Each structure stands twice: as C-alpha cells, then as structure tokens.
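Enquirer: With the input below, show me the fold.
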Amino acid sequence: RLPVPVISHSSKKSPSSSSNCSLVCSVVNVSDVTLSWYKGISVLSSISVCDLSISLSLPLEIECLDESYSCVLNNTISNQTTHPNTQLCRPCSVPPVSVSLTVLISAAAAAGSLMIVTAVMIFCICRKHRKTDREGKYY
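Expert: Below you'll find the model as predicted:
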C-alpha cells in the first residue's frame, strides 16, 4: 500500500516573480514509484525512483491555485492522489493585489495627463480669443 502524498507551501521565494506560489509534494519511505504534479489530466512534472525506502519531494511553482491541481504517487499496482489546500496559494479567480494596484496607478496617471493636456488646450484657446478680441477693438 502506498502512502498518501503530503502537499505543503514552500517558503523559498522565486527570483523571477514574487507573486508566484511554491508548493512541494512529498512522500517518505517509498520504492519503485513515480511522484507527479497534474493540472487536470496534464502532467506538469514527475520524478521516479527505483531505490529502496527513499523520500521524494517534487516542487511546483504556480501563479494561482484552483481545484484542478493534484499530486499523484503511483506504482504498477496502485496510486494515491492528494489535492492542495486552496488556502496555500492565491485562488485563480482573484486578481493579485500587485496587478490591481498597477492598473489603478496607470489609470490615475493617464487621467492626470489627460487633465493637464485639456487645461493647456483651454488656456491656449482662451488666450487666442482674448488676443483676437483685443485686435478687433482697435480696428
């Protein structure tokens, strides 16, 4: 009988992106098995071992977590599947705070720029009309 894989959150930060979530699937005292990460029916990563009584760990780095992820330990006879706890990572349905903040800052900068351009155009138009009115009074 195979042990049930254990999924935990890895504290190791990715240098490429701080918004990613790092998970680790682990099993202890296994031999002649394959440990795999799946998203739905697609294999994301896998590791096999033929040694006697070894511990296996398989990391996975993802942007967000949904219920389609699973870790599977199998041999020629049976398998054990574990799904990660949805509280380990940000759910895929919720946008990351950093993206929302970036969008908000960009929108505010665009609105501010538009206001400045509009104010300059109004100033120029008013100035031109004043000049035209003054020139019309002297003729």
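
Enquirer: List the contacts of stretch 85-95.
Expert: 7-9, 19, 21, 23, 62-67, 96 (Cβ atoms under 8 Å, 6 or more residues apart in numbering). Backbone N, C-alpha and C define where each C-beta goes, glycine included.

Enquirer: Would you pull up how far it lies from the middle of the chain?
Expert: 9 Å (Cα atoms, centre = their mean, to the nearest Å).

Enquirer: buried stuff in that stretch?
Expert: Buried residues in stretch 85-95, defined by neighbour count with 16 or more other Cβ atoms under 10 Å: 88-90.

Enquirer: Lowest pLDDT pick from those?
Expert: Minimum pLDDT for the buried residues of stretch 85-95 is recorded at Leu88 (86).

Enquirer: Let me know the helix or strand that it is in.
Expert: Leu88 belongs to no helix or strand when elements are defined using DSSP states H and E.

Enquirer: same thing with Phe123?
Expert: helix 97-138.

Enquirer: Tell me how many other residues surround Met25.
Expert: Small correction: residue 25 is Cys, not Met. Counted by other Cβ atoms under 10 Å, the residues lying close to Cys25 total 25.
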